[in-house]
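S.K.: When you get a sec, could you give me coordinates for this:
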Amino acid sequence: MDNRSVLARELRRHYLFAALDATQRARLLGHVHTRPFAAGELLFNQGDAARAFFLLQSGAVKLYRMSAEGQEKVMRLIRPGQSFAESVMFMNEPRYPVYGQGIEGGSLMNIECEAFLAILRESFDTCRAVMAQMTQRIQAHWDEIELLTLQNSRYRVIHYLLGLVPDGQRGRVNVILPTRKGLIAAQLAVTPETFSRVLRALTDEGLIEVQDEVVEVYDTEVLRLHIH
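M.R.: Here you go, the predicted model:
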């Protein structure tokens, strides 16, 4: 399978492009570029002009901001198959609102914002379908904000682990922590010590087992009942 076919297949699977028909996706492919990146590589700065958004193919990326005191706040960790920075294309003067940095080397797709917008301008039905999908994503982000502000650390960690479980899987499942535990803790707004303490407590309770980056969840539904 040639590279163009691989890109077309990956786009077809993603929520942003599922609403496009075959002709629209073929047209967009001329404005999709793949690029490798290294661990630690800065992909863009906060405030940079945003001419593209991204779909991660492999590796891991963090989106973060810096406080006035120079402290880093991780806003989101990106895993393969996830997109990021797509909302900026709807700004009058698109600029990235965060820093983007590779934390594990890999590759990503750059999708030119203007090319995608041109397709949306030409088809109301396509635009409406994409907007409906993006609205669902925004709602999910509001739910995440509520999780980080109103719920305790145990709830956050269990919710995060369950979020790593592939769709449709139940019962005994192995999940892979996508990056270092310290970065995950930062995303969950807890200290690394608290994150490790919650994992140990869940292990002692017979709910999970942790081996390096692999977490074995003995029963997803039982674990869900222990969110409190």
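
S.K.: make it CA atoms for all contacts and neighbour counts henceforth
M.R.: Will do.

S.K.: Please give me every residue in contact with the spatially most central residue of the chain.
M.R.: Taking C-alpha atoms, centre = their mean, the centroid of the chain lies closest to residue 78, which sits 3.5 Å from it. The contact partners of residue 78, taken as C-alpha atoms under 8 Å, 6 or more residues apart in numbering, are 56, 60-63, 84.

S.K.: for the protein, what spans make up the helices?
M.R.: Listed in chain order, the helices of the chain (DSSP state H) span 3-13, 15-18, 22-29, 113-122, 124-150, 153-163, 181-187, 192-204, 220-225.

S.K.: Residues contacting the last one, please?
M.R.: Okay, so that is helix 220-225. For helix 220-225, contacts defined as C-alpha under 8 Å, 6+ apart pick out 158-159, 162, 170-173, 207, 217.

S.K.: Spatially, which two of the contacts of residue 78 are the most separated?
M.R.: 56 and 63 (12.7 Å; C-alpha to C-alpha).

S.K.: okay, those two: which has more neighbours?
M.R.: Between residue 56 and residue 63, residue 63 has the larger neighbour count (other C-alpha atoms under 10 Å), namely 23 against 20.

S.K.: Please look at the more buried one and residue 103 and confirm they touch.
M.R.: No - contact criterion C-alpha atoms under 8 Å: residue 63 and residue 103 do not qualify, at 10.1 Å.

S.K.: quick one: the closest residue to residue 67 other than its chain neighbours from residue 39, how far?
M.R.: Closest residue in space to residue 67, ignoring its immediate chain neighbours: residue 73 at 7.4 Å, by C-alpha to C-alpha, 6 or more residues apart in numbering. As for residue 73, its distance to residue 39 is 18 Å (criterion: C-alpha to C-alpha, to the nearest Å).

S.K.: Which one, of the helices of the chain, ends up nearest to residue 43?
M.R.: Here helix 113-122 is closest among the helices of the chain (C-alpha to C-alpha), at 16.2 Å.

S.K.: List the buried residues of that closest one.
M.R.: Buried residues in helix 113-122, counted by 16 or more other C-alpha atoms under 10 Å: 113, 115-116, 119-120.

S.K.: any chance of these in a markdown table, with distance to residue 95 too?
M.R.: Output for the buried residues of helix 113-122, formatted as a markdown table (distance: C-alpha to C-alpha, whole Å):
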| residue | distance to residue 95 |
| --- | --- |
| 113 | 12 |
| 115 | 17 |
| 116 | 16 |
| 119 | 21 |
| 120 | 20 |
